[in-house]
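K.L.:
Provided below are the primary sequence and the corresponding predicted coordinates.
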Amino acid sequence: MQTAIHRFLTLDARNIIPEVYFGLAFIYVVLVITTISSIRSQNISMFRKILWGSLALIAPIAGMAAYALRCLLTADHDFLRSIGLLRSHHAGPFNRN
């Protein structure tokens, strides 16, 4: 397995399959476009939109990961609470309400 990963990462001629790389490039482009459109639709200041957008374009993987984490931490979790996937803020760990 280590040899296969090494060949993949070093672009060894035995493992270059153009379809795989086109597929990975397509997924990457879709993720960048989705991230940028999500940033544009946020209700934040223009400065923050430019900051997040430039982070997603300059450091794409780290920028998209940071933006996804930010979205998860600032999201409205009422829907998840309504279907029972999250506990209410008021219920303690030992309350059985």
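P.N.:
Nice, I can see it. Residues are numbered from 1 along each chain as shown.

K.L.:
what stretches of this structure score poorly on pLDDT?
P.N.:
Across the chain, the stretches falling below the confidence threshold (pLDDT under 70) are 4, 11-16, 79, 88-97.

K.L.:
how about stretch 27-39: buried residues?
P.N.:
Judged by neighbour count using 16 or more other C-beta atoms under 10 Å, the buried positions of stretch 27-39 are Thr35, Ile36, Ile39. For the C-beta atoms, the positions are set from N, CA and C on the backbone; glycine is no exception.

K.L.:
ok, residues contacting it?
P.N.:
Lys49, Trp52, Gly53, Ala56, Leu57, Pro60, Gly63, Met64, Tyr67, Cys71 (C-beta atoms under 8 Å, 6 or more residues apart in numbering).

K.L.:
dump the residues you listed to TSV, plus secondary structure.
P.N.:
As requested, the contacts of stretch 27-39 are exported to TSV (DSSP: H, G, I helix; E, B strand; the rest coil):
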residue	secondary structure
Lys49	helix
Trp52	helix
Gly53	helix
Ala56	helix
Leu57	helix
Pro60	helix
Gly63	helix
Met64	helix
Tyr67	helix
Cys71	helix
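
K.L.:
mind listing which of the buried residues of stretch 27-39 are in helices?
P.N.:
Applying DSSP state H to these, the entries found in helices are Thr35, Ile36, Ile39.

K.L.:
and the first one, how far is that from Leu85?
P.N.:
Read it as Thr35. Here the distance between Thr35 and Leu85 works out to 25 Å (C-beta to C-beta, to the nearest Å).
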